[in-house]
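Colleague: Model the structure of this input:
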Amino acid sequence: EKRGNSLEQKGSRRDRARQNQKRLKELLGPTKWRQWKRSKKTVGTRRERQQILRGLLGDETYRMYKQSKKRQGGSNQMKGGSNQICTIMPSMCNQNGLPVRTMVPSRIATHRYTRNPNTCMGESILNRLIYADDFHSKQKNKWKGKLASSSSKDKDSYHLEPVGSSDTQSISKRYYIPNYTESVTFDFEYLTIANNSIDGNADINEEATVRDLSIIVNRRKVSLGKFPAINGVKSGSSITNGIKWTRKIGKKEGKTDNEEEMTKYEFHIKIPKSAIKSNGAMDVSLQVKLLSGGNSDRVAFDNIFVHSVLQCDQCQRETSYSLETFESIRSNRNASGWTDGRVENGGSKLTKFLGRFSLGEKTGRQYEIKHMPSYLRLEFDFYEFGTWEGGHKKKGRDFFNAYVDNEKMTFGYFVSSLDEGGRGDTTDGGIRWTMRSTTRPLKLLSGSESHHLDQIHHIVAYIPQSFYIDDE
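Modeller: Residues are numbered from 1 along each chain as shown. Below is the predicted model of the structure:
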């Protein structure tokens, strides 16, 4: 009987796996499905494969797909998720109500949004990433703090350490939150880095280092707990001044180059709209106060992500203005509408894309905007090919910029061998953008210089009405 139950469980798991593969194949389509199958063979870690899948599906479709896998209801529940996607993005679906063509690599797309409360299907269906800071690119992204690394061998081990007096230190940054936001979620990792030679055998109440961690949002201060340098703190949650927070139990993260022991805590903070200023400004400070012990131990922050949550009565219907994948452009032909519309075929891994462009070259086009949407979303993939010497002392740093009218978006400098990870900022004119790497540095383009790696970055920019008030 036990053997029969075991075989039945294996069969049900196998069936669910087949259903998940079938749904994923429908969402990706033939071309991207082949790209996904190839990436599973060539990309090493599961995290990197998931980043590639997220880039192929797009953020919204990827989130729906992951939610459907967690449920036990199988295809019926995924169908509901697909209908939800099609309600928000009807232009991306077929007659059966299934997404057939989500955003694909080498894409440049613009969308308009108009208010339509009837499209709401849940209490909260839109959760958009608006800022991302993981410090892999060794840039602070306007944070006030000190960059540091826990390992000289790991290029992705950079984090941000607080600055200030010996007893009270902090990191801080000003965000600008879109006016349609109902609430904000603020996620980050808190690292305690203990010097074992001093605190390894110390009693917490007497000699070991203990610090109090607080978050301050526009002068609203919330204590997140007291943290010893060595012993972990259990998970917890609370709500203070309308700000709700949860904390996962601390996990050991190995040791630094100096044999210091690291413990990581993950925080999820929900900030209400009432805590945000009328102009959208949100000043966030993460403050650490020394309660006992010495200063030989350190703390740090990493992977800081901010999401904008839209409640049901704030939902907006999305309509696509333009979708350009450049796949239909014939060889030696230019893409219409672009000032320099050269198109290149990057082979089986990349297919066709706009470019390549060298140092100092540029391209652009004009879009006609009708019906005065609430705001526009522009998204595209940036392919980092060849020699990028972001940290070269003599030759200078290599930057990539984009312009909407005369408003400049600076995406920072790039290094060929470095994973730039996540970045985000808001321009003086109110354009808010985020950038995330969808692949790790690897050889993508055949024929490029053998000692340089390539990488794909997905960029999303939200453009306010003031930029297209004259319909273009």
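
Colleague: close enough to count as contact, residue 211 and residue 298?
Modeller: No: contact between residue 211 and residue 298 fails when scored by CB atoms under 8 Å: they sit 10.1 Å apart. Any C-beta I mention is one placed from the backbone N, CA and C, and that applies to glycine too.

Colleague: Can you pick out the residue with more neighbours from these two?
Modeller: Shown here are residue 211 and residue 298; by other CB atoms under 10 Å, residue 211 has more neighbours (24 against 21).

Colleague: what residues are shared contacts of residue 211 and residue 298?
Modeller: Common neighbours of residue 211 and residue 298, counting by CB atoms under 8 Å, 6 or more residues apart in numbering, are residue 192.

Colleague: Can you name every helix or strand that the helix or strand encompassing residue 191 contacts?
Modeller: Counting by DSSP states H and E, the element that carries residue 191 is strand 183-194. Strand 183-194 sits against strand 210-217, strand 220-228, strand 261-272, strand 281-292, strand 298-311, with contacts defined as 3 or more CB pairs under 8 Å, 6 or more residues apart in numbering; DSSP states H and E.

Colleague: So in that sheet, which strands flank it, and in what orientation?
Modeller: Here strand 183-194 has these sheet partners by DSSP bridges: strand 261-272 (antiparallel), strand 298-311 (antiparallel).

Colleague: Put together a markdown table for those strands, with distance to residue 14 on each row.
Modeller: Below are those laid out as a markdown table (distance: least, CB to CB, whole Å):
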| stretch | distance to residue 14 |
| --- | --- |
| strand 261-272 | 33 |
| strand 298-311 | 35 |
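
Colleague: Reformat those strands as CSV; add mean pLDDT and distance to residue 129.
Modeller: Output for the strands paired with strand 183-194, formatted as CSV (pLDDT from 0 to 100; distance: least, CB to CB, whole Å):
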stretch, mean pLDDT, distance to residue 129
strand 261-272, 90, 14
strand 298-311, 85, 6
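
Colleague: and of the ones you listed, who's closest to residue 354?
Modeller: Proximity to residue 354, assessed across these by CB to CB, is greatest for strand 298-311 (29.2 Å).

Colleague: any idea of the angle the closest one forms with strand 220-228?
Modeller: 140 degrees (axes from the mean of the first three to the mean of the last three CA atoms, to 10 degrees).

Colleague: centre of the chain versus strand 298-311, how much separation?
Modeller: 10 Å (CA atoms, centre = their mean, to the nearest Å).

Colleague: Dump it to PDB, restricted to CA.
Modeller: C-alpha atoms of strand 298-311 as PDB (Å, rounded to 0.1, in the frame of the first residue of the first chain):
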ATOM      1  CA  ARG A 298      30.400  45.500  11.500                       C
ATOM      2  CA  VAL A 299      27.000  45.600   9.900                       C
ATOM      3  CA  ALA A 300      26.000  46.100   6.200                       C
ATOM      4  CA  PHE A 301      23.000  46.300   3.900                       C
ATOM      5  CA  ASP A 302      22.400  44.700   0.500                       C
ATOM      6  CA  ASN A 303      19.700  43.900  -2.100                       C
ATOM      7  CA  ILE A 304      17.400  46.900  -1.500                       C
ATOM      8  CA  PHE A 305      14.300  46.800  -3.600                       C
ATOM      9  CA  VAL A 306      11.300  49.200  -3.700                       C
ATOM     10  CA  HIS A 307       7.900  48.200  -5.200                       C
ATOM     11  CA  SER A 308       4.900  50.300  -5.900                       C
ATOM     12  CA  VAL A 309       1.600  48.600  -5.000                       C
ATOM     13  CA  LEU A 310      -1.600  49.600  -6.800                       C
ATOM     14  CA  GLN A 311      -4.800  48.800  -5.100                       C
END
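
Colleague: Need the three-state assignment for residue 362.
Modeller: Classification of residue 362 using DSSP: H, G, I helix; E, B strand; the rest coil returns coil.

Colleague: Now do it against residue 354, distance only.
Modeller: Counting by CB to CB, to the nearest Å, the gap from residue 362 to residue 354 is 12 Å.

Colleague: Pull the contacting residues for residue 131.
Modeller: 175, 304-306, 424-425, 434.

Colleague: For my notes, confirm it occurs in a helix.
Modeller: No: according to three-state DSSP, residue 131 belongs to no helix; its state is strand.

Colleague: Give me the pLDDT for it.
Modeller: Looking at residue 131, its pLDDT stands at 85.

Colleague: Any idea what it is bridged to?
Modeller: Beta-bridge partners, per DSSP bridges, of residue 131: residue 306.

Colleague: Tell me how far it lies from residue 190.
Modeller: 18 Å.

Colleague: what does residue 439 give?
Modeller: The value you get for residue 439 to residue 190, if CB to CB is used, is 29 Å.

Colleague: same thing with residue 170?
Modeller: Here the distance between residue 170 and residue 190 works out to 13 Å (CB to CB).

Colleague: list residues touching both of the two?
Modeller: Counting by CB under 8 Å, 6+ apart, the shared contacts of residue 170 and residue 190 are residue 286.

Colleague: So the two - more neighbours on which side?
Modeller: residue 190 (23 against 18).

Colleague: Confidence-wise, which helix or strand of the chain is lowest on average?
Modeller: helix 75-88 (a mean of 41; mean pLDDT, DSSP states H and E).

Colleague: Of the contacts of residue 131, grab the buried ones for PyMOL.
Modeller: The PyMOL command for the buried members of the contacts of residue 131 (criterion: 16 or more other CB atoms under 10 Å) is given here:
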select buried, resi 175+304+305+306+424+425+434
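
Colleague: okay, the contacts of residue 131 in JSON lines with distance to residue 270 next?
Modeller: Formatted as JSON lines, the contacts of residue 131 follow (distance: CB to CB, whole Å):
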{"residue": "175", "distance to residue 270": "15"}
{"residue": "304", "distance to residue 270": "15"}
{"residue": "305", "distance to residue 270": "13"}
{"residue": "306", "distance to residue 270": "12"}
{"residue": "424", "distance to residue 270": "19"}
{"residue": "425", "distance to residue 270": "23"}
{"residue": "434", "distance to residue 270": "20"}
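
Colleague: In the contacts of residue 131, find the pair that's most separated.
Modeller: Greatest spacing in the contacts of residue 131, by CB to CB: 305 and 425 (14.0 Å).

Colleague: mind checking how far whichever strand or helix holds residue 53 is from the chain centre?
Modeller: According to DSSP H and E, residue 53 maps onto helix 46-57. Per CA atoms, centre = their mean, the displacement of helix 46-57 from the mean C-alpha position of its chain is 12 Å.
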